[in-house]
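Participant: Next come a sequence and a model predicted from it.
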Amino acid sequence: MKPKVYLIDVTNRDGVQTSRILLPKLSKTMLNIYLDGMGIYQSEIGFPTLKHEINYINGNLELARAGAIKNLHLEGWCRAVPEDIRLVFKNCPGIRDLNISLSTSEIMIEGKFQGRKIWKDIVGSMTEAVRTAKELGAKTVGVNAEDASRTDISRLIDCALAAKEAGADRFRYCDTLGADDPITIYERIRALAAATNMPLELHCHNDLGMAEAVSCAGAQGAIESGVDAYINTTVNGYGERCGNCDLVSAILALTYSPGLSRKMQLDEQVNLSEAWKLAKYASYAFNLPIPISQPGVGANAFAHESGIHADGTLKDRRNYELYAPEDVGRGEPELSQTGRIITTGEYGGIKGFRHVYDKLGIHFSTDVEARAILELVQYANLHTQKPLTDDELRLIAQHPDPVRKILTMEI
Ligand SMILES: [Zn+2]
């Protein structure tokens, strides 16, 4: 079978660990639901070793069992050490996909461990962690090489081969500091793929403004060496420091760049027309604006003013647009209604609550049922601290038990 490019979105792990930005667990859940609707292969949903993530992760696994999340792989992230793996399965026994991380560069091993651990020990822990994960029920394990772009290529190859030998399914090349350029990563990924024949993930940061270019060039290196590529993305590029490879930009590049689309086959499940809804929701949930010039979803992505451009676009939009607003799903109504509006939330009562749900076409057969959902709506609003969107209200009514779990934290 011809190798393909798949997408792994890491907003709910890498995105949320960013300074100054936060995401409530209900919003993380909605992102998973939208990513599923968009046909994304996998979501790195969070940290199963972290106590406050346990109910959220288990609640999402329940939503998947109930069919509210259909095809998206729900993957947890932890360190590549056996004790983390055991804790993951103690906290979240239903998890089946994991990515586990170790530092590979000399500078990080020196700087972090300061002589307490040598490379051989670190690789030994990683291979034991992979074996433990598989024994405890993991279907897929990806091994993440943190700071791969500053790691000697022969060491990366040795690490990937040791991971493969232990049963790992993929190897993640992390450009943790955003230091790579398209040509260098292409050459290094070609060498890594040729030596290991392993599916490779590209995890690239945007410190030099090249995250999407570097990710696509790395993917091309993998594809041309005959292995699948998995590009890591975040919604709207939100992520540490200068951000990560933006999901929508990566899809647009792989679809509309004549060179890239000719050389690589993107996973056919990806549905770009859901991009607008996802981008808007992430902006709302994170309380972060979408930059005006953001590819596809920025306010100016389809705006034209200069005389020659406006005239040309009006005659035929293809004169000045690579893709159309409908291609990314623009034109959908806003997240919630405008004009005179009744909302329901933290301090809402039963009448307003019923009115809101009636408008969504959701009716409750008994007063007891309605009051139970109202109480959940109050807690959800307390949790998100902003008006609940129509899709959030639908999720609460349709899947109250997992939502209750997601809103709960045990200390
Ligand atoms: Zn990262």
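Facilitator: Sure thing, it's come through.

Participant: these two touch, right, Gln42 and Leu72?
Facilitator: Yes. Counting by C-beta atoms under 8 Å, Gln42 touches Leu72, with 6.7 Å between them. Glycine gets a C-beta too; all of them are placed from N, C-alpha and C.

Participant: Look up how far Ile231 lies from Ala8.
Facilitator: I think there's a mix-up here, since residue 8 is Ile and not Ala. Using C-beta to C-beta, to the nearest Å, Ile8 is found at 7 Å from Ile231.

Participant: The two: who's more crowded?
Facilitator: A direct count of neighbours by other C-beta atoms under 10 Å for Ile8 and Ile231 places Ile231 higher, at 29 against 24.

Participant: on contacts alone, who are the packing partners of the helix or strand hosting that one?
Facilitator: With elements taken from DSSP states H and E, the one containing Ile231 is strand 229-233. Using 3 or more C-beta pairs under 8 Å, 6 or more residues apart in numbering; DSSP states H and E as the contact criterion, the secondary-structure elements in contact with strand 229-233 are strand 5-9, strand 170-175, strand 200-204, helix 211-224, helix 247-256.

Participant: Name the stretch among the ones you listed that sits most buried.
Facilitator: Mean neighbour counts were compared across these using mean count of other C-beta atoms under 10 Å; the top stretch is strand 200-204, at a mean of 29.

Participant: circling back to that earlier point, shared neighbours, Gln42 and Leu72?
Facilitator: Taking C-beta atoms under 8 Å, 6 or more residues apart in numbering as the contact definition, Gln42 and Leu72 share no neighbouring residue.

Participant: pLDDT score for Pro215?
Facilitator: No Pro there; residue 215 is Ser. Ser215 carries a pLDDT score of 98 in this model.

Participant: Surely it is in contact with Glu201?
Facilitator: No. Applying C-beta under 8 Å, one finds Ser215 not in contact with Glu201, separated by 9.8 Å.

Participant: Could you tell me which residues touch both of those two?
Facilitator: Shared contacts of Ser215 and Glu201, counting by C-beta under 8 Å, 6+ apart, come down to 231-232.

Participant: In a markdown table, list the helices and strands packed on strand 229-233 along with distance to Pro93.
Facilitator: Conversion of the helices and strands packed on strand 229-233 to a markdown table gives the following (distance: least, C-beta to C-beta, whole Å):
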| stretch | distance to Pro93 |
| --- | --- |
| strand 5-9 | 23 |
| strand 170-175 | 23 |
| strand 200-204 | 25 |
| helix 211-224 | 33 |
| helix 247-256 | 30 |
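
Participant: what's the closest of the ones you listed to Gln265?
Facilitator: Distances from Gln265 to each of these were compared using C-beta to C-beta; the minimum, 6.8 Å, belongs to strand 5-9.

Participant: tell me the domain boundaries of this protein?
Facilitator: 5-276, 350-406 (automatic domain parsing).

Participant: for these, which one sits closest to Arg317?
Facilitator: Counting by C-beta to C-beta, Arg317 lies closest to domain 5-276 out of the domains of the chain; the figure is 13.5 Å.

Participant: where in the protein is pLDDT low?
Facilitator: For the chain, applying pLDDT under 70 flags the ranges 332-338.

Participant: one more time with 90, if that's ok
Facilitator: By pLDDT under 90, the low-scoring segments of the chain are 1, 17-22, 104-119, 303-321, 331-344, 346-349, 409-411.

Participant: Which parts of the stretch 251-400 of the chain are helices?
Facilitator: Using DSSP state H, counting those that start in this stretch, the helices assigned to the stretch 251-400 of the chain run over residues 258-263, 275-286, 307-315, 350-359, 367-384, 390-398, 400-406.

Participant: now for those helices, which one comes closest to Ala64?
Facilitator: helix 400-406 (9.4 Å).

Participant: helices or strands up against that closest one?
Facilitator: For helix 400-406, the packing partners by 3+ C-beta pairs under 8 Å, 6+ apart are helix 25-37, helix 54-65, helix 367-384.

Participant: Direction included, what does the helix or strand following the first one pair up with?
Facilitator: This means helix 25-37. Later in the chain than helix 25-37, the nearest helix or strand by DSSP H and E is strand 42-46. Strand pairing for strand 42-46, determined by DSSP bridges: strand 5-9 (parallel), strand 73-79 (parallel).

Participant: Can you tell me which of the domains of the chain is packed in deepest?
Facilitator: Each of the domains of the chain was scored by mean neighbour count; the highest is domain 5-276, a mean of 20, by mean count of other C-beta under 10 Å.

Participant: So for that domain, first residue to last residue, what's the gap.
Facilitator: 21 Å (C-alpha to C-alpha, to the nearest Å).

Participant: check contacts around Leu74.
Facilitator: Taking C-beta under 8 Å, 6+ apart, we find Leu74 in contact with 32, 42-43, 45, 57, 60-61, 64, 95-97.

Participant: make it 7 Å
Facilitator: For Leu74, the contacting residues are 32, 43, 45, 60-61, 64, 97, by C-beta atoms under 7 Å, 6 or more residues apart in numbering.

Participant: what do you get for Thr234?
Facilitator: Shown in contact with Thr234 (C-beta under 7 Å, 6+ apart): 9-11, 14-15, 243-244, 246-247.

Participant: next one: Leu192
Facilitator: With contacts taken as C-beta under 7 Å, 6+ apart, Leu192 has the following neighbours: 156-157, 160, 173, 200.

Participant: Fine by me, thanks again.
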